[in-house]
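Asker: Dropping a prediction and its sequence here:
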Amino acid sequence: MFMEPWKIAAWQELGLFAIMLVMLALWAAAGCVVGGIPAALVVSLATKLRQRFRH
């Protein structure tokens with residue numbers, strides 16, 4: 001199946017754009033996980049300390 005060169009270029013641009021969006025989403029998810037782990041640890045430690053001081 002023969003396609004015009006500008007259509008191929010448009011599809012390549014669309015594919016690159018989609019890959020870029022996926023990579024951006026993965027980076028954002030990784031950043032949230034990396035940022036969320038210490039925050040979750042701090043919250044769990046704070047709740048444990050609060051329970052210990054309460055009793």
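Answerer: Now that the structure is in, tell me what you want to look at. Numbers count the residues shown, from 1 in each chain.
Asker: Quick check, pLDDT for the residue most central in space within the chain.
Answerer: Note on the chain: the residue nearest the mean C-alpha position is Ala29, at 1.7 Å, using Cα atoms, centre = their mean. At Ala29, the pLDDT value in this model is 92.
Asker: what about it, which helix or strand?
Answerer: Element membership for Ala29 (DSSP states H and E) is helix 5-54.
Asker: ok, now how distant is the residue nearest to the centre of the chain from Val42?
Answerer: The spacing between Ala29 and Val42, counted by Cβ to Cβ, to the nearest Å, is 21 Å. Heads up, the C-betas are built off the backbone N, CA and C, glycines and all.
Asker: And for Pro5?
Answerer: With distances taken as Cβ to Cβ, Pro5 is found 56 Å from Val42.
Asker: neighbour count winner among those two?
Answerer: Comparing Pro5 with Val42 by other Cβ atoms under 10 Å, the one with more neighbours is Val42, at 10 against 7.
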